[in-house]
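> I'd like to go over a predicted model; first the sequence, then the structure.
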Amino acid sequence: MDLMNLPIQLDNYIHDMKMHSEFSSLRGIGDLAKELVKTGRFASYMLVYKLLTLTLVLPVATASVERAFSAMKIVKTQLRNKMGDQWLSDSMLVYIERDVFAFIDNEPIMRRFHDMKPRRQQL
């Protein structure tokens, strides 16, 4: 339904923007989205505003996915190719958020792992 309404809303939006001078001096999509919110027109042109926000978010989302796949290439090597989904997810989280985990002491983690069940070797 939104796809059918979009061309009509875009025509109305273009006509309305030509009538108001505050929209003529904008420098980019970010300024346009801010001005739509400031003037309250984002409610009238919800589909146009949704397209603008998706356009603004797309580069950030794409970069995040690319970083995750780069990290996966490092974490999941040929030697560790058969790891399960949960183990891979945990390893990826630690690798991607390594700046947060750098401040966590290893001793309590090792102690908890050791206390889970008896091991043949000392950790």
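Here it is on my side, so go on.
> name the next helix or strand downstream of the lengthiest helix in the chain, please.
Ordering each helix of the chain by length in residues (DSSP state H) puts helix 46-75 first. Per DSSP states H and E, helix 46-75 leads on to helix 85-96 as the next helix or strand towards the C-terminus.
> can you list contacts of the helix or strand harbouring I8?
Using DSSP H and E, I8 falls within helix 2-19. Around helix 2-19, the neighbours that count as contacts under CB atoms under 8 Å, 6 or more residues apart in numbering are 23, 41, 45-48. Using the backbone N, CA and C atoms, a C-beta is placed for each residue, glycine as well.
> who wins for neighbours among the residues you listed?
V48 (21 neighbours; other CB atoms under 10 Å).
> S89 and I96: what is the separation?
11 Å (CB to CB, to the nearest Å).
> and what of F113?
21 Å.
> among those two, which residue is more densely surrounded?
Under the criterion of other CB under 10 Å, the comparison of F113 against I96 puts I96 first, with 17 against 11.
> how far away is the more buried one from I74?
From I96 to I74 the distance is 10 Å (CB to CB).
> repeat that for T39.
Distance, T39 to I74, by CB to CB: 47 Å.
> same deal with V48?
The gap separating V48 from I74 is 41 Å, by CB to CB.
> try D85
Distance of D85 to I74, computed by CB to CB: 18 Å.
> what about L56, how many neighbours?
14.
> begin at 33 from here
With the count now opening at 33, the last piece we talked about shows up as L88.
> surely it and L64 touch.
No - using CB atoms under 8 Å as the test, L88 is too far from L64 to be in contact (9.7 Å).
> domains in the protein, by residue range?
33-97, 108-155 (automatic domain parsing).
> give the rounded mean pLDDT of the shortest one.
The reference is to domain 108-155. For domain 108-155, mean pLDDT rounds to 76.
> off-centre distance for it?
Counting by CA atoms, centre = their mean, to the nearest Å, domain 108-155 is centred 25 Å from the centre of its parent chain.
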